[in-house]
Every structure is written in C-alpha cells, then in structure tokens.
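A.B. asks: below: sequence and its predicted model.
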Amino acid sequence: MMDALDTLQSCSDTAADSIINRAMESTLTAKDVMTIMASVLAGKVSGADTVVFKGLDGTSDRVIAEVVRGNRTAIVVDGT
C-alpha cells in the first residue's frame, strides 16, 4: 500500500512542479509572479522617484519602479 501512496505523492509533486514552473506571463513563471507579488504585498519599500520593493528576505530588489507625478513610468521585476 505504501508504494502506491509514494507513487501518487511523487506524481502529485511532479504535476505541481510542472504547473508552478510553467511560464504564465511572458517568461515569468507562476513561482516568479508569486515572489514578485509577495514582495509588493509584504516586503519593505523605499524611495520616492524610484520605488524599490524588497523581497521577503529583505535584500533582493524584486520590483524597481520609476515614478513621475505619482505614475509608474518604468518597471523592472525580478522573481528569481
């Protein structure tokens, strides 16, 4: 019985890895997008003309946005 459960778990893990590592927006994977979203929702932010959102680790720059009169004019994202 355990072999069948182990096989099922292995298949489940493989399917989950396949989904989370699939490109969903340009070349960004679902994992990259979730990392970027987490930094904007829960990470540290600094700046005025250039706004930088840090990753949850507090050191990685995940989103860098140039801001002019309250409007984002250029954005660089890093979900790796």
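C.D. replies: Thanks, I have it. Numbering: from 1, shown residues only.

A.B. asks: show me the contacts for the residue nearest the centre of the chain.
C.D. replies: What sits nearest the mean C-alpha location of the chain, by Cα atoms, centre = their mean, is Thr35, with 2.2 Å. Applying Cβ atoms under 8 Å, 6 or more residues apart in numbering to Thr35 gives the contacts 55, 62, 79-80. Bear in mind the C-beta positions are built from the backbone N, C-alpha and C, glycine included.

A.B. asks: before we move on, what about Arg72?
C.D. replies: Here Arg72 is in contact with 51, 65-66 (Cβ under 8 Å, 6+ apart).

A.B. asks: which element is it on?
C.D. replies: strand 71-77 (DSSP states H and E).

A.B. asks: just the buried residues of that strand, please?
C.D. replies: Val77 (16 or more other Cβ atoms under 10 Å).

A.B. asks: how far away from the center of its chain is that strand?
C.D. replies: 16 Å (Cα atoms, centre = their mean, to the nearest Å).

A.B. asks: so what strands line up beside it?
C.D. replies: strand 61-68 (antiparallel) (DSSP bridges).

A.B. asks: mean confidence score for the partner strand?
C.D. replies: Taken as a whole, strand 61-68 carries a mean pLDDT of 91.

A.B. asks: report the buried residues of that strand.
C.D. replies: 62-63, 65.

A.B. asks: so how far is it from its chain's centroid?
C.D. replies: For strand 61-68 - counting by Cα atoms, centre = their mean - the centre lies 15 Å from the chain centre.

A.B. asks: same question, stretch 51-63
C.D. replies: 11 Å.

A.B. asks: now do the contacts for the closest residue to Gly43 other than its chain neighbours.
C.D. replies: Spatial nearest neighbour of Gly43, chain neighbours left out: Lys54 (4.6 Å); criterion: Cβ to Cβ, 6 or more residues apart in numbering. Contacts for Lys54 were tallied using Cβ under 8 Å, 6+ apart; they are 39, 43-46, 60-62.

A.B. asks: before we move on, what about Ala23?
C.D. replies: With Cβ under 8 Å, 6+ apart, Ala23 has these contacts: Thr29.

A.B. asks: if we go to 10 Å?
C.D. replies: Contacts here follow Cβ atoms under 10 Å, 6 or more residues apart in numbering; on that basis Ala23 touches 29-30, 32-33.
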